[in-house]
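J.: Let me see the structure of the following:
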Amino acid sequence: MKPKAYYTRMQDYSDVNKVRCDALKIEKFIMETSKGKVQYNKSGNGKTNVVLINGGSGPIEGWFKILPAISESSSVFSYNRFGVTGSDKPKEPQDGETIVENLREALTIVGIEPPLLLVGHSLGGLYANLFARLYPKEVSGIVFLESSHPKDLSLNEYQGKAVKAFNKVLTVFDSLYPHKPFNEVNFVKKTVNQIHQIDTFPEIPLYVITGGKENRMMPEVVRIKRLENQTELLSLSKKSKHIVAEKSGHFPQLTEPKVVIDAIIECVKQIQNNNHNQ
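T.: Have a look, this model is predicted:
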């Protein structure tokens, strides 16, 4: 059966200065997987296969400013993980290994074959990190976009009592809904442990994009430690490069899309040069 296509409008992205894109239309499809229905977009016909991995609970629309440009020279796959907008609610714990396997199944169904260039935003960066460790031969490059680092878990200890109390209330509230306990945010620690269990990481082109704009809500000690963690991601590969999006916070793909587009295109060229020299 041919996938069902339909369109959506992104009314408001409140996390980034309430970016409005009422005119935006992204074609989306529904695929049937062994775990349920998954909503996705597939664009472009280039030789390099690029996979965009959203941040925690982030929708496909978060890529709208970079998707057209990247699709001009690559085949690009983006999707909503279980529990996000048009995809089914999760029926099992959404830890990193589960999410990686669900993604691999989805890619197989739509015909996106390895090697893959993974672009992971925020929490999606942990999944890209784990994917590359589990299946190093299937990953040709990675762009960590304001990515979470395994050590970022320790930053929680710097939160104020009010924030910790609020998070505890949210946890109790989530338990009232059958699918909420399976949400990926409840399994970040398990995902980090899965990353730590695999020491090896492939020697591939690796780009780290960090937002350089000061966040007044973030304590200085947290900002410094998080920047250290971002820099540490560079040590995963000798073919790494750090890019600071000076005018951006946590969403450079929305506030400075050209920075992100240029980094992905540069990574694609590096991958192609590596293939040519082999």
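
J.: Show me the shaky parts of the stretch 151-278 of the chain.
T.: Within the stretch 151-278 of the chain, the stretches with pLDDT under 70 are 158-179, 278.

J.: quick one, strands of it?
T.: Along the stretch 151-278 of the chain, the stretches classed as strands by DSSP state E, counting those that start in this stretch are 206-211, 240-245.

J.: got the angle between the lengthiest helix in the chain and strand 240-245?
T.: Taking DSSP state H as the criterion, the chain has its longest helix at helix 257-277. Inter-element angle recorded for helix 257-277 and strand 240-245: 160 degrees (by axes from the mean of the first three to the mean of the last three CA atoms, to 10 degrees).

J.: can you list the residues that contact helix 257-277?
T.: Contact with helix 257-277 is made by 46-48, 50, 65-66, 69-70, 73-74, 115, 117, 119, 140-141, 143, 145, 204-205, 207, 209, 239, 241, 243, 245, 248, 252-253, as judged by CB atoms under 8 Å, 6 or more residues apart in numbering. Using the backbone N, CA and C atoms, a C-beta is placed for each residue, glycine as well.

J.: Next, count neighbours for the closest residue to residue 71 other than its chain neighbours.
T.: Nearest non-adjacent residue to residue 71, counting by CB to CB, 6 or more residues apart in numbering: residue 44, 3.4 Å away. Residues lying near residue 44 (other CB atoms under 10 Å) number 18.

J.: Use 670 as the first number from now on
T.: Sounds good: first residue 670 from here, last item residue 713.

J.: how near is residue 713 to residue 877?
T.: To residue 877, residue 713 is 24 Å away according to CB to CB, to the nearest Å.

J.: can you check residue 799 too?
T.: Distance, residue 799 to residue 877, using CB to CB: 16 Å.

J.: got it, and residue 769?
T.: 20 Å.

J.: So the two - more neighbours on which side?
T.: More crowded of residue 769 and residue 877, by other CB under 10 Å: residue 877, with 24 against 21.

J.: so who does that one touch?
T.: 813, 816, 899, 900, 902, 903, 909, 910, 911, 912.

J.: Can you say which of the residues you listed are buried?
T.: Listed as buried from these are 813, 816, 899, 902, 903, 909, 910, 912; burial here means 16 or more other CB atoms under 10 Å.

J.: between these, which is closest to residue 757?
T.: Residue 757 has its nearest neighbour among the buried ones among the contacts of residue 877 in residue 816, at 26.2 Å by CB to CB.
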